[in-house]
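[1] Have a look at this prediction, sequence included:
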Amino acid sequence: MLYIVEVTIDTERLHHQLNQMRTWLDHMKIEAVGFRQVPGAKVCWIDFNNEQEASAFARAFAGQTLVRAAA
């Protein structure tokens, strides 16, 4: 399963927000498997292979967890 966390971003503070996310991931020793900004939206999707890691990230960054079945 792929667990996607959707996080709202502020495009004016994007660099700062990305730094916070990277610092948090490093501190928690969690590796995201993908990261992308949704075109035309103030949203980023961060992909995880582990549900607990995705949930923890979502809690830390006021996101929501989406689930997509593996292909």
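    That came through fine.

[2] Show me the strands in this protein, by range?
    In chain order, the chain shows strands spanning 2-8, 34-37, 43-48, 64-68, with DSSP state E as the criterion.

[3] Given the shortest one, what are its sheet partners and their directions?
    The strands that strand 34-37 pairs with in its sheet are strand 43-48 (antiparallel) (by DSSP bridges).

[4] Now the partner strand: buried residues?
    Buried residues in strand 43-48, counting neighbours by 16 or more other Cβ atoms under 10 Å, are found at 44-48. For the C-beta atoms, the positions are set from N, CA and C on the backbone; glycine is no exception.

[5] for it, what is the average pLDDT?
    Strand 43-48 carries an average pLDDT of 95.

[6] and if you look at stretch 25-35?
    Rounded mean pLDDT across stretch 25-35 is 96.

[7] and it, which residues are buried?
    By neighbour count on 16+ other Cβ under 10 Å, the buried set for stretch 25-35 is 25, 32.
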